[in-house]
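Novice: This is a predicted model, with the sequence first.
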Amino acid sequence: MEIHSADFLCSNSDWKKCPDLYLPEYAFIGRSNVGKSSLINSLTNNKKLAKTSGKPGKTQLINHFKINNSFLFADLPGYGYAKVSKKTRASFQEFTLKYLEKRKNLICLFLLIDLRISPQKIDLEFMEYCAVKKIPFIICFTKADKIKKREVESKVTEYQNKLKETWEEMPFHFVTSSISKVGCDDILVFILNQNKLFH
Ligand code: GDP
């Protein structure tokens, strides 16, 4: 799929104020600094669309983008940065959870995981939360360019082995890099196919 337009629509903290529901929507979430903004920019071929930053915890609002006039991206606040957190629920904004539970046009949540970091409790708990709330999600392992190809495979396997401890069925995953653009075409093809099923 060619991306010919990608426009910022709005930022807000209230799911009720999010854009109309008539377009299919794909959201991006993950721990701060995992590479959400970079992946959105890579997918849309636009270096400045979502702000990227070396500093964790920058994206604090739900940012909506309209892509090709036919679907929406939502860049969600990063989690795992708030120092006060004890539980996943307490550790990132309540409005994000409300958004996830209420947003009717949300086709899929891309849950970003840094491939180099061993499985984190907060991510595993968040996946459990998605399962309980029946929020469809796909894991996007990020920053694949930072390690060797062979290591990528062993890291993915390591992660899957951890998931097998609690999950009967493996959540679907993509391996991505915003630098080499690995995985970007696969994600866009997935989106294109999902868009066809919308309505
Ligand atoms: P966010 O907080 O999840 O939105 O993360 P950003 O997209 O701002 O990225 C955080 C940092 O990781 C930035 O310094 C990015 O340049 C870097 N980064 C993000 N994705 C990649 C990637 O695929 N490869 C490499 N090498 N660096 C990345």
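Specialist: Ah, there it is.

Novice: Is the ligand within reach of stretch 103-120?
Specialist: No. Shown here: stretch 103-120 not in contact with the ligand (C-beta under 6 Å from any ligand atom), separated by at least 6.6 Å. (Glycine included, C-beta is placed from N, CA and C.)

Novice: how long is that stretch from one end to the other?
Specialist: 26 Å (C-alpha to C-alpha, to the nearest Å).

Novice: Could you pull up the mean pLDDT of it?
Specialist: Average pLDDT, stretch 103-120: 96.

Novice: Now that stretch: buried residues?
Specialist: 103, 105-115, 119 (16 or more other C-beta atoms under 10 Å).

Novice: Assumed Gly30 was part of a strand.
Specialist: Yes. Per DSSP: H, G, I helix; E, B strand; the rest coil, Gly30 lies within a strand segment.

Novice: The longest strand seen in the chain - which strands sit beside it in the sheet, and in what orientation?
Specialist: Taking DSSP state E as the criterion, the chain has its longest strand at strand 106-114. Applying DSSP bridges, strand 106-114 is found paired with strand 25-30 (parallel), strand 137-142 (parallel).

Novice: Flag every buried residue along stretch 63-74.
Specialist: For stretch 63-74, using 16+ other C-beta under 10 Å, the buried residues are Asn63, His64, Phe65, Lys66, Ile67, Asn68, Phe71, Leu72, Phe73, Ala74.

Novice: rewinding a little: just the buried residues of stretch 103-120 now: which is nearest the ligand?
Specialist: Leu112 (6.6 Å; C-beta to the nearest ligand atom).

Novice: Isn't that closest one up against Gly30?
Specialist: Yes. Counting by C-beta atoms under 8 Å, Leu112 touches Gly30, with 3.3 Å between them.

Novice: Need the residues touching each of the two.
Specialist: Lys36, Thr142 (C-beta atoms under 8 Å, 6 or more residues apart in numbering).

Novice: SS state for Phe73?
Specialist: Under three-state DSSP, Phe73 comes out as strand.

Novice: moving C-terminal of the helix-or-strand element of the chain with minimal mean pLDDT, what's the next helix or strand?
Specialist: Every helix and strand in the chain was compared by mean pLDDT, DSSP states H and E; the lowest is helix 88-91, with a mean of 48. Next along the chain after helix 88-91, taking DSSP states H and E as the criterion, comes helix 94-102.
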